[in-house]
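Requesting a structural model of the entry that follows:
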Amino acid sequence: MKNKKAFTLVELLAVIVILAVILVIAIPQVLDVIDTTKVGSLESSAKLIASTAEKKYAEFLALGKDTSTIKCKDVSKLNDKDYGTCTIKFDENGKATVSIKGKENGKFEGLKLKELKIIWYVQIYQ
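Predicted coordinates for the structure are as follows:
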C-alpha cells in the first residue's frame, strides 16, 4: 500500500471551526462599517444642502425675495430612489437646519441611528 499524504477529517473540521469563529467575529464589524458609511453619506448630503440653502437664503435676502419659499429641490437634486422627505428651516440669522429621511427600499433602508445626530446646524433622522 502506498503512503498517502492527506489531511485527516479532524484536521479539516478544525479548519472549518476556526473559519466559522473568524466569520462570527468579522460579520458584525463589517455590518457596523456599512451602517457608519450610510450615516456619513446621509450627513454629507444634509451638510451640502444646508450650505447651499444658506447661500440661496443670502441671495434671496439681497434680491428682496421671500426666503420661506426655499425648498430642498431648489438647492439640490436628491435621488428619489434613496431619499424620502427633505425639509429646510432657517433661524433668524439665516442658519439652515436640514432634515432628511431615507426612503424605504432605498440605500438607507434599515438604517437605525442610536440617537439624533446633530452636526453643527444639520439635523439627520430616519
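
When you work out contacts or count neighbours from here on, use the C-alpha atoms and nothing else.
Will do.

What are the neighbouring residues in contact with T52?
75-76 (C-alpha atoms under 8 Å, 6 or more residues apart in numbering).

so which helix or strand takes in it?
helix 9-63 (DSSP states H and E).

roughly how far out does that helix sit from the chain middle?
Once both centres are worked out by C-alpha atoms, centre = their mean, to the nearest Å, helix 9-63 turns out to sit 6 Å from its chain's centre.

Averaged pLDDT, that helix. What do you get?
For helix 9-63, mean pLDDT is 90.

After it, which helix or strand is next?
helix 72-75.

who does that next one touch, helix- and strand-wise?
Applying 3 or more C-alpha pairs under 8 Å, 6 or more residues apart in numbering; DSSP states H and E, one finds that helix 72-75 makes contact with helix 9-63, strand 83-90.

Only C-alpha atoms, please: export it in CSV.
This file holds the C-alpha atoms of helix 72-75, laid out as CSV (Å, rounded to 0.1, in the frame of the first residue of the first chain):
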residue,chain,number,x,y,z
CYS,A,72,-34.6,71.2,-0.9
LYS,A,73,-35.5,70.7,-4.5
ASP,A,74,-34.4,74.3,-5.2
VAL,A,75,-30.9,73.8,-3.8
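
For that helix, could you pull out the residues that count as buried?
By neighbour count on 16 or more other C-alpha atoms under 10 Å, the buried set for helix 72-75 is 72, 75.

How far away from the center of its chain is that helix?
19 Å.

on that earlier part again, using TSV, please lay out the helices and strands packed on helix 72-75 together with distance to V75.
TSV is the format used below for these (distance: least, C-alpha to C-alpha, whole Å):
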stretch	distance to V75
helix 9-63	6
strand 83-90	10
